[in-house]
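K.L.:
Model the structure of this input:
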Amino acid sequence: MKTLIVTGGTLEHAFALSYLERHKFDYFIAADSGIRFFAQNSIRPDEVLGDFDSADPVQLQQFSEDAGIIFHKYLPEKDAVDTELALQLAIDRGSSEIHILGGTGTRLDHVLGTVRLLGFAMEREIPCFMADAHNRVRLIQKQTVLKKNEQYGRYISLIPLTTKVTGVTLAGFKYPLCEHTLDGFHSLAVSNEIVEQEAVIDFQSGILILVESMD
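P.N.:
Numbers count the residues shown, from 1 in each chain. Alright, predicted model coming up:
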């Protein structure tokens, strides 16, 4: 099951609608003010959750009165942000692939926190992506192959999430590497480009943040 989570960060609706058209999701989860996207585009989410401290009251009432939508309301004083609750819910529902829209924006703490939350899915070997109109982000802990004709953006950046990522070998990139160790205080693997039909990211240990950027 391919699941879309829309959360309450910055979201360009034209981009989001195009993203939905390309990916054909099976299940929709709205997290807190993420309900705005669904309400404004007449799309019915399967589940809605959050403390709703930033949700529009009219849209909130519209969804809460729909018997076909599973509704989860939490107290604001909770131990997890709404995006984490939505991601856990998507995993519990048996998602085989998860995409998050609205995970970026002006709250840098939320953006960094959401990047780390992708690890929930990664640990369960569920592909999980956070995307906006300019970037797509995922976490990887094993060999990953990128096809040039399927890349999200021109630039590929690899940022260590763990203290060190060892044995990094990059093939098919403009700037290759061979058995290199990346650590968290250097920018060596930022802003690379795919130059072959396929590019391979291989490494021995650690976790990488893989960012595909348009510009």
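
K.L.:
my guess is Ile29 contacts Gln88, does it?
P.N.:
No: using CB atoms under 8 Å, Ile29 is not in contact with Gln88, being 10.4 Å away. Every C-beta, even on glycine, is put in place using the N, C-alpha and C of the backbone.

K.L.:
Looking at these two, which is more packed in?
P.N.:
Ile29 (28 against 15; other CB atoms under 10 Å).

K.L.:
Tell me the buried residues in whichever strand or helix holds Ile100?
P.N.:
The secondary structure element spanning Ile100 is strand 97-101 (assigned by DSSP states H and E). Buried residues in strand 97-101, defined by neighbour count with 16 or more other CB atoms under 10 Å: 97-101.

K.L.:
Tell me the one of the residues you listed nearest Cys128?
P.N.:
Ile98 (4.4 Å; CB to CB).

K.L.:
what's the closest one in contact with, if anything?
P.N.:
Shown in contact with Ile98 (CB atoms under 8 Å, 6 or more residues apart in numbering): 2-5, 87, 90-91, 121, 126-129.

K.L.:
Same list, these, but as CSV with distance to Thr162 please.
P.N.:
Output for those, formatted as CSV (distance: CB to CB, whole Å):
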residue, distance to Thr162
Lys2, 28
Thr3, 27
Leu4, 28
Ile5, 25
Leu87, 20
Ala90, 24
Ile91, 22
Ala121, 17
Ile126, 19
Pro127, 20
Cys128, 17
Phe129, 20
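
K.L.:
Any of those residues buried? List them.
P.N.:
Among the contacts of Ile98, those that count as buried by neighbour count (16+ other CB under 10 Å) are 3-5, 87, 90-91, 121, 126, 128-129.

K.L.:
re the thing from before, mind listing what the strand holding Ile100 pairs with, with the direction of each?
P.N.:
Each strand pairing with strand 97-101, determined using DSSP bridges, is listed with its direction: strand 2-6 (parallel), strand 128-131 (parallel).

K.L.:
Nearest to Ser18, out of those?
P.N.:
Ser18 sits nearest to strand 128-131 of all the strands paired with strand 97-101, at 11.0 Å, using CB to CB.

K.L.:
moving C-terminal of the closest one, what's the next helix or strand?
P.N.:
With secondary structure assigned by DSSP H and E, strand 128-131 is succeeded by strand 135-140.

K.L.:
which element follows that following strand toward the C-terminus?
P.N.:
On the C-terminal side of strand 135-140, the closest following helix or strand by DSSP H and E is strand 144-147.

K.L.:
for that next one, packing partners?
P.N.:
Under the contact criterion of 3 or more CB pairs under 8 Å, 6 or more residues apart in numbering; DSSP states H and E, the helices and strands touching strand 144-147 comprise strand 198-202.

K.L.:
buried residues in the strand it packs on?
P.N.:
Across strand 198-202, burial judged by 16+ other CB under 10 Å covers 199, 201-202.

K.L.:
and which of the residues you listed is nearest Asp79?
P.N.:
Using CB to CB, Ile201 comes nearest to Asp79 of these, at 33.9 Å.

K.L.:
tell me the pLDDT at that closest one?
P.N.:
Looking at Ile201, its pLDDT stands at 98.

K.L.:
ok, it touching Gly172?
P.N.:
No: Ile201 is not in contact with Gly172 according to CB under 8 Å; the separation is 9.3 Å.
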